[in-house]
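Asker: Fold the following and give me the result.
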Amino acid sequence: MTETRIDMDELRSLTDKLKASTQLDELLLGDLQQLLQETERGETPRWIQSVVDELLDKLDREFRHSRDPHQWQLVIERYPTWENRVNALISEGGRLLEELRELRRRIADCVGDRIPVEVRRDLVGWVRRFADFRHRERQLLLDAANLDVGQGE
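Answerer: From the prediction side, this is the model:
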């Protein structure tokens, strides 16, 4: 049984990376939500675009890393029945990244200093879906850690 146990140091490392990443996400998403709620001024669209650019850069790097087989392999080795759950999260992360790229294109295509209501609405929806995604991703790692610890040495 010992050889199938998740290496707790590696799992803690994954959890710590996700926690740090989530904290930055929360800051950027908070900024984006605040900007989306503001009455549009000349600077607001540029700030929204800057935050979206920052999110795109961060998520692109992160999702490229999450496709690294070792990233989730610890969980899949211990809980093989979770492979579909892990793969679904990885796929969803890729879809969210593509949606954000499309939203960024739509922002760039805006004429003048205004972002159309439908683009703002779509950004708000994306923020909600992304927050839900992060919650499920974090929960999966916590479930793996808690189940493993709960089984004792």
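Asker: Can you name the helix or strand that the residue nearest the centre of the chain falls in?
Answerer: Residue closest to the mean C-alpha point of the chain, counted by Cα atoms, centre = their mean, is Arg134 at 5.0 Å. Element membership of Arg134 [criterion: DSSP states H and E] is helix 117-150.
Asker: Any chance you could list what contacts stretch 29-47?
Answerer: Applying Cβ atoms under 8 Å, 6 or more residues apart in numbering, the external contacts of stretch 29-47 come out as 48, 51-52, 55, 107, 110, 113-115, 120, 123-124, 127, 130-131. Heads up, the C-betas are built off the backbone N, CA and C, glycines and all.
Asker: Val86 contacts Leu74, doesn't it?
Answerer: No. Look at Val86 against Leu74 with Cβ atoms under 8 Å: they stay out of range, at 10.4 Å.
Asker: that older thread, tell me the pLDDT at the residue nearest to the centre of the chain?
Answerer: pLDDT recorded at Arg134 is 89.
Asker: ok, back up a step: of the contacts of stretch 29-47, just say which sits nearest to Arg101.
Answerer: Using Cβ to Cβ, Val52 is the member of the contacts of stretch 29-47 that sits closest to Arg101, with 9.3 Å.
Asker: residues near that closest one, how many?
Answerer: Using other Cβ atoms under 10 Å, Val52 has 21 other residues around it.
Asker: likewise Leu123?
Answerer: Around Leu123 there are 24 residues (other Cβ under 10 Å).
Asker: picking up where we left off before, among the contacts of stretch 29-47, which pair sits farthest apart?
Answerer: Longest span within these, Cβ to Cβ: Asp113 and Ala131, 28.0 Å.
Asker: how many other residues sit next to Arg78?
Answerer: Neighbours of Arg78 (other Cβ under 10 Å): 17.
Asker: An error on my part: the question was meant for Thr81.
Answerer: Thr81 has 7 neighbours, counted by other Cβ under 10 Å.
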